[in-house]
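J.: fold the following and give me the result.
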Amino acid sequence: MNTQPNDQTPSDEVPWDKDFINELDSDARADRASEQFDRDYAIATRAVERFTANRAGAHKRCPLKRCRRARSCRSLIACVVLRIDQPTDAQREVIDQVYEHIQRRRMHAATAARRGGESTA
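T.: Residues are numbered from 1 along each chain as shown. Now for the predicted structure:
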């Protein structure tokens, strides 16, 4: 059994240089972006489900009064007439279009924020 002390400290084991810190920051940004893309895709899927529910008039039989009052789906799940777990090719195409629209809006908002909110008209 070797009881000699280890000459390395925890900070010696990890290369805490500028490149390593930048890589950590980059990984964190990539993780946040991936999570945001997943949320945006879920929002796009829900928008297509809501559109389908509205076209079918599902709000008329929805248990939530606010959907019946608004005469359109206002709930997260109650009015859905077609749950999209595994979208068909046609559904995926529509979801992708909505997703791209969300991403474009997000890009324009970020660009405007970087410019200090000035108008680009």
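
J.: from here on, just use CA atoms for contacts and neighbour counts.
T.: Noted.

J.: hey, where'd the helices end up in this protein?
T.: For the chain, helices defined by DSSP state H occupy the ranges 10-13, 18-56, 65-70, 89-114.

J.: of those, which is nearest Val81?
T.: Nearest to Val81, of all these, is helix 18-56, at 5.5 Å by C-alpha to C-alpha.

J.: buried set for that closest one?
T.: Buried residues in helix 18-56, counted by 16 or more other C-alpha atoms under 10 Å: 40-41, 43-54.

J.: got it, and stretch 81-89?
T.: In terms of neighbour count (16+ other C-alpha under 10 Å), stretch 81-89 has its buried residues at 81, 83.

J.: and if you look at stretch 97-107?
T.: Of the residues in stretch 97-107, those buried (16+ other C-alpha under 10 Å) are 98-99, 102-103.

J.: to the chain's geometric centre, what's the distance from it?
T.: 11 Å (C-alpha atoms, centre = their mean, to the nearest Å).

J.: what of stretch 52-61?
T.: With C-alpha atoms, centre = their mean, you get 25 Å for stretch 52-61.

J.: as a whole number, average confidence for it?
T.: Stretch 52-61 shows a mean pLDDT of 87.
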